[in-house]
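Asks: Model the structure of this input:
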Amino acid sequence: MSVSETVPARSAARSLRPVLFALVLVTVLGLLFGVPWWIITQAWPAPVSVVGTVVFAVALAALPALMFLGHGRRSDVAARAGDTLLGVIWVLFTWSVVGTVARIFLAPEIVAVGVLAVAVVLLVYGYAEAMRTPRIRNVDVVLPRLGAGLDGIKVALITDTHYGPIDRAKWSRNVAAAVNELEPDIVCHTGDIADGTPVQRAEQSAPLGTIRAAYARVYVTGNHEYFADAQGWLDRMTELGWEALHNRHILVERGGSTLVVAGVDDYTAAGSGLPSHRQDHAAALADVAADQPVLLLAHQPKQITRAVEAGVDLQISGHTHGGQMWPFHYLVKVDQPSVQGLTRHGERTQLYTSRGTGFWGPPFRIFAPSEITLLTLRSA
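Replies: From the prediction side, this is the model:
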C-alpha cells in the first residue's frame, strides 16, 4: 500500500470516531434508561405509565447535558446533579436487569415495586457509606528483603480523595484526624486528590497539611490530576508539606535498615502533553542499590507490570475504588489486574490496591466501602 493510500485511510478512520462514539453513547444510554423504564413503568395503568415515561425521558435528556456542563464546563451545580442522576440510574438499571428474570416468576407489579424498594434502600445506604469517615483497614505485609530495623514500620495509605463538587471540607478534616490517630511512620497519597484545580479545592485539600508522620508524607499523581492541573497539584502538595514523588525516591532509615520509598507518575501522564510527565521507573529508582527493599507509589494497579520488571517489593495503588457501586467491579477487572486487596505478581513483587478513601462522581458506595489503610511492613 502506498503512502497516498494510507493517509486517506487514516483520515477516514478518524472521521468515523465521532460517529462510533455517538452510537456507543446512544446504546449505553438506551440500555441504562430503557431497561428500568420497561420494568418500572410498564406494569401499571396507562396514566401511571405515561407519567413514568415522561420522567424517564426528561432524565435521559438531562444526563448528557448535566455531565457536559458539570465536568466539561466545570459547573459544580450541574456536576452534583448529573453525578447523582448517574448513580440513581445505575442502581435502577442493575436491579431492573435482575427484575427481568424475576418477572418469569412474579407479577410485573410486584417486580416493579421490588426494584424501586431495593433501589431506594441501596441509594440511602450507599450515600451514607460515601459520606462517612472511612474505616481503618489493617494489613500486614511481609517483605523478605526488609531489614530488621524497619520491622513493624507503619505506612498509612489514603488515595482517591476526589475533592470535588460536593463540599467535603469537614470530611477531609475527619480523614486527617483518623490518619493522625494511627501515629504512622509514613503517610502515602497515591493520587486523584481532586476533581478541579488547587484553587477550586483549596479548602477541601487544606487538612492534608495537618496530617503527621514520623518519617515522611509522600504523594504521586493520579489520572484525574491530568484532567485539571497536575503540576499545580504537585506544587500544592509541596506547599502542604508533602514530598511529591515525581519519578523520584527518598530513603527512610531506622535501626540501621533502609527502605526506598519511590513514586512514579500516573499511567496516563505521558498523554497529557506536560513536559517530563510520564511514568518513569528508571528515574524513580536511579542509584538504588540492588539489595534495598522498595516501596513504590503508583496510582493504577496495572502499573505493576513495570514494577515487577524493576524489582519492586511492594507497590501501593488506588484508582479502582473497589468498583464503588456493585456490580461495576466486574468492568474494572477488565482493565486492572486487581480491584482491591493484597496480591502477588512474580516472585518478589506484591501489590496492595486500596478501595479508595473518597469517591468519584455518584455520591454512593454500594458494597465497596471506602478505606484508610494501615500497612504494617514485616521483615522475614
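
Asks: Need the nearest residue in space to the residue nearest the centre of the chain, chain neighbours excluded.
Replies: Ranked by distance to the mean C-alpha position of the chain (CA atoms, centre = their mean), the top residue is residue 319 at 3.3 Å. Closest residue to residue 319 apart from its sequence neighbours, by CB to CB, 6 or more residues apart in numbering: residue 300 at 4.6 Å. Where C-beta positions appear, they are placed from N, C-alpha and C, glycine not excepted.

Asks: got a list of what that neighbour touches?
Replies: The contact partners of residue 300, by CB atoms under 8 Å, 6 or more residues apart in numbering, come to 222-223, 266-267, 317, 319, 336.

Asks: Looks like residue 63 contacts residue 85 (just checking).
Replies: Yes - using CB atoms under 8 Å, residue 63 is in contact with residue 85, at 5.5 Å.

Asks: what stretches of the protein score poorly on pLDDT?
Replies: Across the chain, the ranges flagged by pLDDT under 70 are 1-15.

Asks: where do the strands sit along the stretch 51-200 of the chain?
Replies: For the stretch 51-200 of the chain, the strands defined by DSSP state E, counting those that start in this stretch occupy 135-142, 153-158, 186-189.

Asks: Mind giving me the packing neighbours of the first one?
Replies: Pointing back at strand 135-142 there. Of the remaining helices and strands, those touching strand 135-142 by 3 or more CB pairs under 8 Å, 6 or more residues apart in numbering; DSSP states H and E are strand 349-353, strand 371-378.

Asks: what's the angle between the shortest one and strand 135-142?
Replies: Computed with axes from the mean of the first three to the mean of the last three CA atoms, to 10 degrees, the direction of strand 349-353 lies at 180 degrees from that of strand 135-142.

Asks: Pairing partners for strand 349-353, with directions?
Replies: strand 314-317 (parallel), strand 341-345 (antiparallel) (DSSP bridges).

Asks: if I look at residue 136, how far off is residue 359?
Replies: 18 Å (CB to CB, to the nearest Å).

Asks: likewise residue 302?
Replies: 21 Å.

Asks: the more surrounded of these two?
Replies: Neighbour totals were compared for residue 302 and residue 359, and residue 359 leads with 27 against 17 (other CB atoms under 10 Å).

Asks: which one is that one nearest to, not counting chain neighbours?
Replies: residue 130 (4.8 Å).

Asks: I'd say the one you found and residue 360 touch.
Replies: No - counting by CB under 8 Å, residue 130 sits too far from residue 360 to count as a contact (10.2 Å).

Asks: The two: which has the busier surroundings?
Replies: With neighbours defined as other CB under 10 Å, residue 130 and residue 360 compare such that residue 130 has more, 24 against 17.

Asks: residue contacts, the more buried one?
Replies: 359, 363-365, 370 are the contacts of residue 130 under CB under 8 Å, 6+ apart.

Asks: Between those residues, which sits nearest residue 190?
Replies: Using CB to CB, residue 370 is the member of the contacts of residue 130 that lies nearest residue 190, at 14.1 Å.

Asks: separation between that closest one and residue 38?
Replies: On the measure of CB to CB, residue 370 and residue 38 end up 34 Å apart.

Asks: And those two? Which one has more around it.
Replies: Higher neighbour count among residue 370 and residue 38: residue 370, with 27 against 17, using other CB under 10 Å.

Asks: List the residues that contact the residue lying closest to residue 212 once chain neighbours are set aside.
Replies: Among residues not flanking residue 212 along the chain, residue 180 sits closest, at 5.3 Å (CB to CB, 6+ apart). For residue 180, the contacting residues are 210-212, by CB under 8 Å, 6+ apart.
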